[in-house]
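Student: build me a model from this:
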Amino acid sequence: MAVEGMGAMETSGSTVPVSVTEAAASKIGQLLADEEKREAGLRVFVQGGGCSGFQYGLMIEEGAGDPDADRIFQSNGVTLFVDPISIRYLTGAEVDFVDNLMGGGFTIKNPNAKSTCGCGQSFGA
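Tutor: All right, here's what the predicted structure looks like:
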């Protein structure tokens, strides 16, 4: 498994800090193809706010990120970019895509969250 961190590509047998499920990877690939941004990746981040103190963020990263600071790695074929502050809260997290009767959307399963809000988009650490 290829893991890139702090600008240099390295190969590691360990798991990546943040992973995406096959369902999420499929949806991300579809969204990138629809936007004709096949070379882009997904930035996963944490910011202050939300009901529980922190909230998750996901956005398309079209550039190379910040190779001097970002953790950049692959999971299920998706390039992920995580800034150094967010990685502290997201290590071990999994991005998933769920589609049910209430609609579809991305969710983040985070083992570091001490509490979560009913909205599913914010957490306490």
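
Student: next, count neighbours for the nearest residue to Gly57 once chain neighbours are set aside.
Tutor: Using C-beta to C-beta, 6 or more residues apart in numbering and skipping residues adjacent in sequence, the residue nearest Gly57 is Phe45, 4.6 Å away. In short, each C-beta sits where N, CA and C put it, glycine included. Using other C-beta atoms under 10 Å, Phe45 is surrounded by 17 other residues.

Student: now swap in the one 4 residues further on and tell me
Tutor: The local packing of Gly49 (other C-beta under 10 Å) involves 12 other residues.

Student: could you do Ala23 as well?
Tutor: Using other C-beta under 10 Å, the number of residues around Ala23 comes to 16.

Student: wasn't it part of a helix?
Tutor: Yes - according to DSSP: H, G, I helix; E, B strand; the rest coil, the state of Ala23 is that of a helix.

Student: in the protein, which spans are helices?
Tutor: Per DSSP state H, the chain carries helices over the ranges 22-34, 84-90.

Student: turn those into a markdown table, columns for mean pLDDT and distance to Lys109.
Tutor: Rendered in a markdown table, the data for the helices of the chain read as follows (pLDDT from 0 to 100; distance: least, C-beta to C-beta, whole Å):
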| stretch | mean pLDDT | distance to Lys109 |
| --- | --- | --- |
| helix 22-34 | 95 | 11 |
| helix 84-90 | 92 | 11 |
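
Student: what's the closest of the ones you listed to Gln74?
Tutor: Between Gln74 and the helices of the chain, the tightest spacing by C-beta to C-beta is seen for helix 22-34, at 10.0 Å.
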